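[1] Build me a structure from this.
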Amino acid sequence: MLEFKTENIRNIALIGHGDSGKTTLTEGMLFTAKESKRFGSVDAGTTVSDYNADEIERKISINTSVLHCTWNNNKINILDTPGYMDFTGEVIGALHAVELGALVVNAVSGIEVGTEIVWGYCEKDNLPRIIIINKLNKEHAGFQKTLDLLKKQFSNKAICVQFAANEGITFDSIIDVLSMKMFKFSKDKSGKKNTWKKGILPMKNS
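    Next comes the predicted model:
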């Protein structure tokens with residue numbers, strides 16, 4: 001078993017409204033970090049996070065699941081929290097155990113009641129947070145529209161570090177502002193990607 005120094009351990013909670021895609025995002029993180037050998041599905045009841053019978057049957061998270069992966073020699077503890085307000089106590093408990101709240105927002109439906117509630121929890125505890133605009137592969141997904149709403153309602157200090165190159169049903173590419181690279185991912189859920197550096201980015205429809 002690997003041992004990590006305290007400074008190499010990160011604790012984050014995935015928070016947000018129900019159906020924003022937190023559990024699927026967790027699956028992607030575990031799969032990309034090679035902690036899991038398959039990309040589980042909520043619909044198929046094969047996710048690592050939603051494992052009990054009620055969660056599988058209802059296709060929603062009921063309890064906070066604690067998972068972990070290793071990335072760049074750091075251990076990342078991931079708390080996947082429920083999104084529906086019937087289980088809000090699970091979210092509050094999780095936020096007391098982490099140093100970062102990762103707010104997941106649906107790019108189609110945008111800011112919802114649950115989004116505002118969990119943001120308020122983070123504000124109350126002065127908890128640092130990042131925002132993940134999710135479900136960019138859905139029809140009518142709007143990255144810029146969602147980002148503008150988030151800045152208007154929550155914080156105009158929010159800085160975009162990655163943005164979608166082609167949101168919607170053809171979504172497969174993001175641009176990382178910090179590295180000035182575009183990453184184009186395979187749609188077969190293998191996690192494979194091609195990278196283009198600054199100055200040689202392909203055209204949007206290439």
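[2] so how far is stretch 53-60 off the chain centroid?
    In this view, stretch 53-60 has its centroid 20 Å away from the chain centroid, taken as Cα atoms, centre = their mean, to the nearest Å.
[3] now swap in stretch 58-68 and tell me
    Worked out by Cα atoms, centre = their mean, stretch 58-68 lies 14 Å from the chain centre.
[4] Give me the domain ranges for this protein.
    As given by automatic domain parsing, the domain ranges for the chain are 6-135, 157-206.
[5] mean pLDDT for those domains: which is lowest?
    Set side by side, those give their lowest mean pLDDT on domain 157-206, at a mean of 79.
[6] Residue 150: neighbouring residues, count only.
    For residue 150, the number of neighbouring residues by other Cβ atoms under 10 Å comes to 21. (Glycine included, C-beta is placed from N, CA and C.)
[7] Could you do residue 156 as well?
    Using other Cβ under 10 Å, the number of residues around residue 156 comes to 8.
[8] partner strands of the strand or helix carrying residue 131, parallel or antiparallel?
    Using DSSP states H and E, the element containing residue 131 is strand 129-134. When pairing is defined by DSSP bridges, strand 129-134 lines up against strand 100-106 (parallel).
[9] Residues in contact with the partner strand: which ones?
    Counting contacts by Cβ atoms under 8 Å, 6 or more residues apart in numbering, the residues outside strand 100-106 that touch it are 10-17, 19-22, 25, 95, 111-112, 115, 118-119, 121-122, 127-135, 146, 150.
[10] and residue 92, how far is that from residue 125?
    9 Å (Cβ to Cβ, to the nearest Å).
[11] more crowded one of those two?
    A side-by-side neighbour count of residue 92 and residue 125, using other Cβ under 10 Å, places residue 92 first with 14 against 11.
[12] Three-state assignment for residue 56, please.
    Three states are possible here, and by DSSP: H, G, I helix; E, B strand; the rest coil the one that applies to residue 56 is helix.
[13] neighbours around it, how many?
    In terms of burial, residue 56 registers 15 neighbours under the definition other Cβ under 10 Å.
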